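Novice: Fold the following, please.
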Amino acid sequence: MNVDVMVSRTTNRTKSPHETGLLHRILPVIRRRALFSPGDSILVAVSGGPDSVALLSVLHELRPAWNLTLSVIHINYGLRGRESDEDAVFVQRLCDELAVPCITRRGDSVREKAPGGSSLQERAREIRYTIMRRMAGESGIKRVALGHSADDQTETVLMWMLRGSGLAGLAGMPAMREGLFIRPLLTIPRADILSYLRSLNREYRTDASNGNPIYLRNRLRHGLIPYMKSVAPSLVKVISRQSEIVGEEDALLDQMVTDLLPSIVTERDEHFCLARAPFLNVPLALQRRIIRRVLGRLDRRGRMPRFTTVEAIVRQVVMNAVGSRWSARGVEVFCDDESIRIGTSYVQPIGRDSPAQECLCAGIPGTMVWPPTGERIQLRVVDEDDVRNIARLRDKQVTVFDSATFTLPLRLRSWKPGDRISPFGMKGRHKKVQDLFTDLKVSQSVRHRTPLLVAPEGILWVVGLRPDGRFVMNASTRRFVVASQTPR
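Specialist: Next comes the predicted model:
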């Protein structure tokens, strides 16, 4: 990633008004949120940009009065070669000037492709937090301070809003996270941060990649947000206040879930068991949060599940889909008369072997488990090059569909009398599924165990036998969905 990085120097040094002004503005937040206390040891994450430089400066200003022990962590990912190294040198020089210990860590593993297809930014974030947690644990550090500003909060809230997030996303970044990470500058606009740095005549690094439109955050920062400010000049202040209000309401709902969990959820042998009746008696908003909390605990990387995954589980339970089983994103779900069992491995039914007749797909990509046989039906989106390789296989266990021809949700179910399909190759002519079974010499016992992949528009696939020609890929297909059958 070749970007230009320049060192910016603020000029026109003036004395205390900006220094004490900024400090006095964040002190009420520090006290109200109990971000840290006098005598605490604080690790400050400093990239060299204006926000983190201002954060270190203001904490350094507070250090004598509060008897703070400060140290700095700088993470060099090496993505910009010499320029990345110059960032590290800059941060070390600033720390020498302030007499603050500085530790630089390499984050070169950010280049390694991680499972799950996470982006470069996501991998960098995971590496950053892992390093900081480890350092805090090893050194007995009380808090890790991050230099996010009110402008960062505005960008974050808008990003989550555009992705259709719930309250947790609209609350933005919390002032404190995990009882360790703190954001003292979260209510301070960047314009005020730059004014503070000018008062100190303090240098900072400016990364030209922050203008690269490939990143959604940058498109918001340089496109949407300036336009919104032309309509609502106090946008940053308004969103900062809104995120604080929403965050408090989100925390209240989370506390309600915490209070409910003991009466609904029990943990058993690498899975969670939810009591069905009490679960159905709570409002839908809390049902979603309960499922989300459980799925978050099961994810080894601590990722929260997609809304579609949560909604699919809730929908199945509310629809009384007794005996249904499915999996998505490495999690399996089984519903019986009295409970919902959720785990990261095959979930056994309680007390009986219940062959489900229907199960629901949480979304694409996703995986469903067909209980009568234990086979898995996996759905994924592929590009045109992969499709060519798949098409050459001529495998009855794999079918490629045109996603423009059907909508969600998708279901696996057993065949029913009257089911009809337009088998691929029959030029649009329809046939009863029962007659298809007869033509292919499928026995009665196997018929009821053969799943049908069904969309609202019709039967897509008699799995392992025939797809419906109306839904398979064709010369005009632009988005390819591969459905594959894997025996247990």
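Novice: Could you chop the chain up by domain?
Specialist: 5-246, 269-354, 377-486 (automatic domain parsing).
Novice: Where among these is average confidence lowest?
Specialist: Taking each of these in turn, the lowest mean pLDDT turns up on domain 269-354, with a mean of 77.
Novice: Make CSV from the domains of the chain and add distance to Gly366 and mean neighbour count to it.
Specialist: Where you see a C-beta, it was placed from the backbone N, CA and C, and this is true even at glycine. Converted to CSV, the domains of the chain look like this (distance: least, CB to CB, whole Å; neighbours: other CB atoms under 10 Å):
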stretch, distance to Gly366, mean neighbour count
domain 5-246, 14, 17
domain 269-354, 4, 18
domain 377-486, 5, 16
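Novice: Mind checking those domains for the one nearest to Pro371?
Specialist: Smallest distance to Pro371 across those (CB to CB): 4.6 Å, for domain 269-354.
Novice: just how off-centre is that closest one within its chain?
Specialist: 19 Å (CA atoms, centre = their mean, to the nearest Å).
Novice: just the strands in the stretch 201-350 of the chain please.
Specialist: 203-207, 265-268, 271-275, 325-328, 331-335, 339-343 (DSSP state E, counting those that start in this stretch).
Novice: ok so, going back, export the domains of the chain to TSV and tack on distance to Val257?
Specialist: As requested, the domains of the chain are exported to TSV (distance: least, CB to CB, whole Å):
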stretch	distance to Val257
domain 5-246	12
domain 269-354	5
domain 377-486	26
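Novice: follow-up on the earlier one: make a markdown table from the strands of the stretch 201-350 of the chain and add distance to Tyr215 to it.
Specialist: Output for these, formatted as a markdown table (distance: least, CB to CB, whole Å):
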| stretch | distance to Tyr215 |
| --- | --- |
| strand 203-207 | 12 |
| strand 265-268 | 38 |
| strand 271-275 | 36 |
| strand 325-328 | 28 |
| strand 331-335 | 30 |
| strand 339-343 | 34 |
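Novice: Ser243: which of those is closest?
Specialist: When the strands of the stretch 201-350 of the chain are compared by CB to CB, strand 203-207 sits nearest Ser243, at 25.0 Å.
Novice: Name the strands paired with that closest one and say parallel or antiparallel.
Specialist: Applying DSSP bridges, strand 203-207 is found paired with strand 5-9 (antiparallel).
Novice: Contacts for the helix or strand that comes right after the strand it pairs with next, please.
Specialist: Scanning forward in sequence from strand 5-9 by DSSP states H and E, the next helix or strand is helix 17-32. Applying CB atoms under 8 Å, 6 or more residues apart in numbering, the external contacts of helix 17-32 come out as 35-36, 54, 58, 61-62, 175, 184-188, 192-193, 195-196, 198-200.
Novice: Go again with 7 Å.
Specialist: Under the criterion CB atoms under 7 Å, 6 or more residues apart in numbering, residues 36, 58, 61-62, 175, 184-185, 187-188, 192, 195-196, 199-200 lie in contact with helix 17-32.
Novice: now do stretch 143-157
Specialist: In contact with stretch 143-157 (CB under 7 Å, 6+ apart) are residues 35-36, 40, 42-45, 51-52, 54-55, 59, 132, 136, 170, 172-173, 180-190, 193, 217, 220-221, 225, 235-236, 239-240, 243.
Novice: Quick check: end-to-end length of it?
Specialist: Stretch 143-157 has an end-to-end distance of 24 Å (criterion: CA to CA, to the nearest Å).
Novice: roughly how far is it from the heart of the chain?
Specialist: 18 Å.
Novice: ok, Ser52 to Ala145 distance?
Specialist: Per CB to CB, to the nearest Å, Ser52 is found 9 Å from Ala145.
Novice: Now, the contacts of stretch 143-157 that are in strands?
Specialist: Residues of these located in strands (DSSP state E): Ile42, Leu43, Val44, Ala45, Phe181, Ile182.
Novice: closest to Thr399 out of the strands of the stretch 201-350 of the chain?
Specialist: Among the strands of the stretch 201-350 of the chain, the nearest to Thr399 by CB to CB is strand 325-328 (18.8 Å).
Novice: can you give me the helices for the stretch 151-300 of the chain?
Specialist: Ranges of helices within the stretch 151-300 of the chain are 167-170, 190-200, 216-219, 225-231, 235-264, 276-280, 284-298, based on DSSP state H, counting those that start in this stretch.
Novice: Turn those helices into CSV, including distance to Thr206.
Specialist: Listed next are the helices of the stretch 151-300 of the chain as CSV, based on distance: least, CB to CB, whole Å:
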stretch, distance to Thr206
helix 167-170, 29
helix 190-200, 11
helix 216-219, 14
helix 225-231, 18
helix 235-264, 20
helix 276-280, 52
helix 284-298, 37
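Novice: Among these, which comes closest to Asp468?
Specialist: helix 284-298 (32.6 Å).
Novice: Tell me the helices and strands packed up against the closest one.
Specialist: Counting contacts by 3 or more CB pairs under 7 Å, 6 or more residues apart in numbering; DSSP states H and E, helix 284-298 is packed against helix 235-264, helix 307-318.
Novice: The ones you listed into a markdown table, with extra columns for distance to Leu452?
Specialist: Shown next, in a markdown table, are these (distance: least, CB to CB, whole Å):
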| stretch | distance to Leu452 |
| --- | --- |
| helix 235-264 | 34 |
| helix 307-318 | 18 |
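Novice: Nearest to Arg123, out of those helices?
Specialist: Per CB to CB, nearest to Arg123 of the helices and strands packed on helix 284-298: helix 307-318, 22.0 Å.
Novice: now for that closest one, which elements pack on it?
Specialist: By 3+ CB pairs under 7 Å, 6+ apart, helix 307-318 packs against helix 276-280, helix 284-298, strand 331-335, strand 358-360.
Novice: could I get the helix or strand harbouring Leu379 in PDB with only the CA atoms?
Specialist: Following DSSP H and E, one finds Leu379 within strand 375-382. Output in PDB follows, covering the C-alpha atoms of strand 375-382 (Å, rounded to 0.1, in the frame of the first residue of the first chain):
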ATOM      1  CA  GLU A 375     -25.900 -34.800   5.700                       C
ATOM      2  CA  ARG A 376     -25.100 -31.100   5.300                       C
ATOM      3  CA  ILE A 377     -26.200 -28.700   2.500                       C
ATOM      4  CA  GLN A 378     -23.800 -25.900   2.200                       C
ATOM      5  CA  LEU A 379     -24.600 -22.600   0.400                       C
ATOM      6  CA  ARG A 380     -21.900 -20.200  -0.800                       C
ATOM      7  CA  VAL A 381     -21.300 -17.400  -3.300                       C
ATOM      8  CA  VAL A 382     -18.500 -18.000  -5.800                       C
END
